[in-house]
Structures are given as C-alpha cells and as structure tokens.
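Participant: please find the sequence and the predicted model below.
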Amino acid sequence: MHSHPPRQVGLVPTTRHLPLVDLLVDTRTELLWLAIRSGMKVLEAMMEEDRVALCGVRSAHEPQQPASRAGTVASEVVLGGRKVALRGPRVRADGHEVTLPTFQVMAHTDPLNRRVVEQMRSA
C-alpha cells in the first residue's frame, strides 16, 4: 500500500507570486544593460574618432601628424551609476600621453546619470 500525505482542502495561499512581475523587473534590468552596452559602443567609436583626428588613419604612416597611436590601456568610466571597464585607445605626442577629449569628458560625466536611469526604469 502506498502512503499519501493528508490532503489539505480549502487552503488558499495568502500571497501569490506573479511571473509578470519578474518579467517586468527583468525587462527593466535588460533595458539598462542594453543602454550601457550601447553607450560603450558609442564611446569607443567616439574615442577612435578622437585618435584618428590626432594620429591619422591607422596604418597610413602620416609623418605630419602631431601624435602617434600607442595601443590601448585599461580604463573605466561611469555609466548608469556603475563603473564599467573598457580598453581605451592611447595616443602619445612629444614623449607624453595625450588624453582624448571624449575620454576626458566621460571621466567626469555620467551620461546615464541617476535621473536618466530612473526615467528608464519607470517607463
């Protein structure tokens, strides 16, 4: 004979977890990460434009350019209130490191500041 646990008839759960709530939270989180990833792609493209303006086109060997490419360096910026790691392009001129204008602005500004992130989350 099989033993079955006693049946509890008439019990109604006092709280019910709705999958829709999880979906909404997941969607908002994904939206934030999409914005951060997209922002990083835009930032990388802008910094490369800065480097081309200073050094010329890659592999063009333009001796009249005032600066030269010097690989990349580990850096970080703040997007959406979070530090995000990136490989920033390096530029050197006259034996010194040259700070790219876009990175200089991004090092002091969060384009996805708290207000923008809150607006995205409440949308």
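Facilitator: Yes, it's here.

Participant: least confident secondary structure element in this structure?
Facilitator: Lowest mean confidence among the helices and strands of the chain (mean pLDDT, DSSP states H and E): helix 114-122, at a mean of 61.

Participant: and for A93, nearest residue in space, chain neighbours not counted?
Facilitator: The shortest distance from A93 to any non-neighbouring residue, by C-beta to C-beta, 6 or more residues apart in numbering, is to A67 (3.8 Å). For every residue, glycine as well, the C-beta is placed using N, CA and C.

Participant: need the contact list for the one you found.
Facilitator: By C-beta atoms under 8 Å, 6 or more residues apart in numbering, A67 lies in contact with 54-55, 91-93, 98.

Participant: count the neighbours of L79 for me.
Facilitator: If you count neighbours by other C-beta atoms under 10 Å, L79 ends up with 23.

Participant: ok, it touching P111?
Facilitator: Yes. L79 is within contact range of P111, at 7.0 Å (criterion: C-beta atoms under 8 Å).
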